[in-house]
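**Q** My questions concern the predicted model and sequence given below.
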Amino acid sequence: MRSNSPKESRKVLVDAFPKAIEIQTSSYCNGKCVICPHEAVSKEMPNGVMKMPLFNRLLDEIGERKVLIIPYLNSEPLLDPDFFERAALIRKRCPNAKIEVSTNLSLMGAAELGRLKK
C-alpha cells in the first residue's frame, strides 16, 4: 500500500556546499562605518593578511561550483595588498563564481577601478 503522506512522498536533496563564501583575507580597515562591526570584532580576530597558500587551498575547494565569493569580511578589501591578485585568481580558478566587493572607496582611484573591471 502506498502512502500519500507529504513527508514520505517528497525527497529533499541538499547541497552541503555553501552558496556564498566570505573570506577574511585581511584584518585591516581605515573606516568607521556605522553599519560595520569591525571595531568590535577586530579585537577578537588575528591581525594581518591571509597567506596565499591558504587562499589557494580555499579556491581549490570551491573549484567550479556556482557560488558567491565575498573576498572580505568586516574589513576594507582594498587594504589587502594582494586584493587584485586574489580577485584575478578567483576569476581564473572559479569560473562559475560571482565576486561581490563592498568598499568605503577611500582607496579607489581610476587605476584601481580599471584593475577591478578586468
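**A** That came through, no problem. Predicted model only: the values in this text are computed from it and were never measured.

**Q** Specify the beta-bridge partners of the residue nearest to the spatial centre of the chain.
**A** In the chain, the C-alpha nearest the mean C-alpha coordinate belongs to I70, at 2.2 Å (Cα atoms, centre = their mean). Beta bridges link I70 to E22, judged by DSSP bridges.

**Q** wait, isn't it in contact with I23?
**A** Yes. Taking contacts as Cβ atoms under 8 Å, I70 lies within contact range of I23: 7.0 Å. Quick note: C-beta positions are derived from backbone N, CA and C, even for glycine.

**Q** Would you map the strands across this protein?
**A** Along the chain, the segments classed as strands by DSSP state E run 20-22, 68-70, 98-99.

**Q** Point out the other helices and strands that the last one packs with.
**A** What that stands for is strand 98-99. Other helices and strands packing on strand 98-99, by 3 or more Cβ pairs under 8 Å, 6 or more residues apart in numbering; DSSP states H and E, are strand 68-70, helix 83-93.

**Q** For the residue nearest to the centre of the chain, list the residues it contacts.
**A** 20-23, 99-102 (Cβ atoms under 8 Å, 6 or more residues apart in numbering).

**Q** show me where pLDDT drops low in this structure?
**A** Within the chain, the ranges that satisfy pLDDT under 70 run 1-14, 118.

**Q** What ranges does it have for its helices?
**A** Here the chain has its helices, by DSSP state H, at 6-9, 38-41, 52-62, 83-93, 110-117.

**Q** deepest of these, which one?
**A** helix 83-93 (a mean of 16; mean count of other Cβ atoms under 10 Å).

**Q** Run the chain-centre distance for that helix.
**A** On the basis of Cα atoms, centre = their mean, to the nearest Å, helix 83-93 sits 11 Å off its chain's mean C-alpha point.

**Q** got the CA positions of it in CSV?
**A** C-alpha atoms of helix 83-93 as CSV (Å, rounded to 0.1, in the frame of the first residue of the first chain):
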residue,chain,number,x,y,z
PHE,A,83,43.5,42.0,-3.3
PHE,A,84,43.7,42.4,-7.1
GLU,A,85,45.8,39.3,-7.4
ARG,A,86,43.2,37.4,-5.4
ALA,A,87,40.3,38.7,-7.5
ALA,A,88,42.1,37.6,-10.6
LEU,A,89,42.8,34.2,-9.1
ILE,A,90,39.1,33.8,-8.2
ARG,A,91,38.1,34.7,-11.8
LYS,A,92,40.6,32.2,-13.3
ARG,A,93,40.2,29.3,-10.9
